[in-house]
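Novice: based on what follows, work out the 3D shape:
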Amino acid sequence: MIGFRTLYVFTGALLAATAWGVPPADPGLDAVLKNMDQASASFKGLTGQIRKLAHTQVVNVDDVTEGTIVVKKFKPHDIRIRIDFTKPNQQMVAIGGGKAEIYYPKLNEVQEGDLGKIKGLVDQLMLLGFGGNSAELQDAYTVTLGGPDTVNGEKVTRIVLIPKSKEILQTVKKAELWISDKGITLQQKFDQGGGDYLLSTYSKINLNPNIPDSAVKLDVPKGAKRTKLK
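Specialist: Numbering: from 1, shown residues only. Below is the predicted model:
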């Protein structure tokens, strides 16, 4: 089974969010979800930079990786993502079409896996990424307003999400999203319990550019070794 940290690397990120059945009672939360729905309705894709921090509490260590991200929406519930990490080591990640791949240039090796039985888990995590809507989000999570904040000098609103799925709760105790006035997620945090968390911050976002299909596929040399993703 693919580990949560691997899934987190794949998704890399961002967001979606109108209430499911009943509008939110909090007018501040209502405004955030409305902005997110407007962004979701027109979302086709994006490019940007990503900084991912994995904090391990027991040894008080932060593992930081940086790179670029490309996201393309082919159709509803068909989002393809490619992340090229450049620091501290090169690593290319692609997820979409029911499979996931990681390419390690120094080893010239591709690890690949079929999402298969965990596709439902991936779909729920992708709600915290790109192109979803608030109806789907609130169906899967209990959503509350966190409050105003800033990310990279830009005003945002933080919202807090508690998974309703027992399967998700095994790996994600709580998620936090920092949403811009345009309804785009600039930062997300996954609380894994025990003080461990994963934090992704996005910058230099170019929303809805013309993205070719090839931009979300891995360009792997023919002679690369292929192994199964654990």
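Novice: what comes up buried for the longest strand along the chain?
Specialist: Secondary structure of the chain per DSSP state E: the longest strand is strand 61-75. Burial within strand 61-75, assessed by neighbour count using 16 or more other Cβ atoms under 10 Å, is assigned to 65, 67, 69-73. Heads up, the C-betas are built off the backbone N, CA and C, glycines and all.
Novice: so what strands line up beside whatever helix or strand comes next after that strand?
Specialist: Per DSSP states H and E, the first helix or strand lying C-terminal to strand 61-75 is strand 78-87. Strand 78-87 has the following strand partners under DSSP bridges: strand 61-75 (antiparallel), strand 91-96 (antiparallel).
Novice: tell me where the chain has helices.
Specialist: With DSSP state H, the ranges of helices along the chain come out as 4-11, 27-42, 119-126, 134-140, 166-169.
Novice: am I right that residue 172 is in contact with residue 162?
Specialist: No: look at residue 172 against residue 162 with Cβ atoms under 8 Å: they stay out of range, at 9.2 Å.
Novice: who has more neighbours, those two?
Specialist: A side-by-side neighbour count of residue 172 and residue 162, using other Cβ atoms under 10 Å, places residue 172 first with 25 against 15.
Novice: distance of the more buried one from residue 201?
Specialist: To residue 201, residue 172 is 18 Å away according to Cβ to Cβ, to the nearest Å.
Novice: please apply the same query to residue 32.
Specialist: Using Cβ to Cβ, we find residue 32 at a distance of 18 Å from residue 201.
Novice: can you check residue 41 too?
Specialist: Distance from residue 41 to residue 201, counting by Cβ to Cβ: 25 Å.
Novice: likewise residue 111?
Specialist: 26 Å.
Novice: next: residue 140.
Specialist: Taking Cβ to Cβ as the measure, residue 140 falls 23 Å from residue 201.
Novice: how about residue 173?
Specialist: Distance check for residue 173 against residue 201: by Cβ to Cβ, it reads 20 Å.
Novice: many thanks, we can stop here.
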